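Trainee: Sequence first, predicted model second:
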Amino acid sequence: MSTSSIIFIVILIALVFYIVGIYNSLVSLKNRYENGFSQIEVQLKRRYDLIPNLVATAKGYLKHEKETLEAVIGARNTAAAGLKAAAANPSSALAMKELAGAEGALTSALGNLNVVMEAYPDLKASSNMMQLSEELTSTENKVSFARQAFNDAVTEYNIYRQSFPPIFFAGFFGHRTDAELLEFADSVEIQAAPKINF
């Protein structure tokens, strides 16, 4: 065997290992963002499980606010369906946008419920309502952290998939599109600086 043949075989083996490394990196990064979405799913399911308890507790006090309570439950059900669709395919841009829209509607419905509850001091002072509100707030914080971790993992995957030379192999390995970030309506509000008037 000649020296040039040995060099060619060594280069070919190195190239194969390099391509296998690209494949493994793409798979690893995809699994990381899918796991990140699983963490969001756990927290959102917990949130959705708390909402019927919140509504049931409020129902006794808010006898004349049936529409508000029904809007919260309807928004919760829509968001749960959106979560199920997104969990089936976390890389789907459409599923992420639908989930973000449903979460925005749910946040709005819960905000309306909070406004209504302000008119009922007995409800706000209820120990069950205080506990449920505390659990919802804690869950909201966990959702925010999980969403941030997911978006970080998606960004890392997208950067790697778009970089050179992985971009040449990504489509061949089944990684044809970028993963979609999950941005809720509140993310825009958080980024805006608060206005303070004296």
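Mentor: Cool, the structure landed.

Trainee: Which secondary structure state does the closest residue to residue 41 other than its chain neighbours sit in?
Mentor: Of all residues not flanking residue 41 in the chain, residue 87 sits nearest, at 5.1 Å (CB to CB, 6 or more residues apart in numbering). C-betas here are computed from N, CA, C, even on glycine. Classification of residue 87 by DSSP: H, G, I helix; E, B strand; the rest coil places it in helix.

Trainee: Give me the number of neighbouring residues for residue 87.
Mentor: 17 (other CB atoms under 10 Å).

Trainee: can you pull the contacts of it?
Mentor: Residues counted as contacts of residue 87 (CB atoms under 8 Å, 6 or more residues apart in numbering) are 37, 38, 41.

Trainee: Looking at those residues, spot the one nearest residue 132.
Mentor: residue 41 (21.1 Å; CB to CB).

Trainee: thought that closest one was touching residue 80?
Mentor: No - distance between residue 41 and residue 80: 10.5 Å, which falls outside the contact criterion (CB atoms under 8 Å).

Trainee: Buried among the contacts of residue 87? Make that a PyMOL selection.
Mentor: In PyMOL syntax, the buried subset of the contacts of residue 87 is picked out as below (16 or more other CB atoms under 10 Å):
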select buried, resi 37+41
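
Trainee: who touches stretch 114-123?
Mentor: 57, 58, 61, 62, 65, 68, 124, 129.

Trainee: So for those, which is the shakiest by pLDDT?
Mentor: The lowest pLDDT within those belongs to residue 124, with 75.

Trainee: In three-state terms, label the closest residue in space to residue 177 that isn't next to it in sequence for me.
Mentor: Computed as CB to CB, 6+ apart, the closest residue to residue 177 that is not its neighbour in sequence is residue 91, at 7.1 Å. State at residue 91, reduced to three classes by three-state DSSP: coil.

Trainee: neighbours around residue 84, how many?
Mentor: Residues near residue 84, counting by other CB under 10 Å, number 13.

Trainee: State the pLDDT value of it.
Mentor: 95.

Trainee: Which of the three states applies to it?
Mentor: helix.

Trainee: For it, which residues are in contact?
Mentor: Contacts of residue 84 by CB under 8 Å, 6+ apart: none found.

Trainee: how near is residue 152 to residue 36?
Mentor: Taken as CB to CB, to the nearest Å, the spacing of residue 152 relative to residue 36 amounts to 8 Å.
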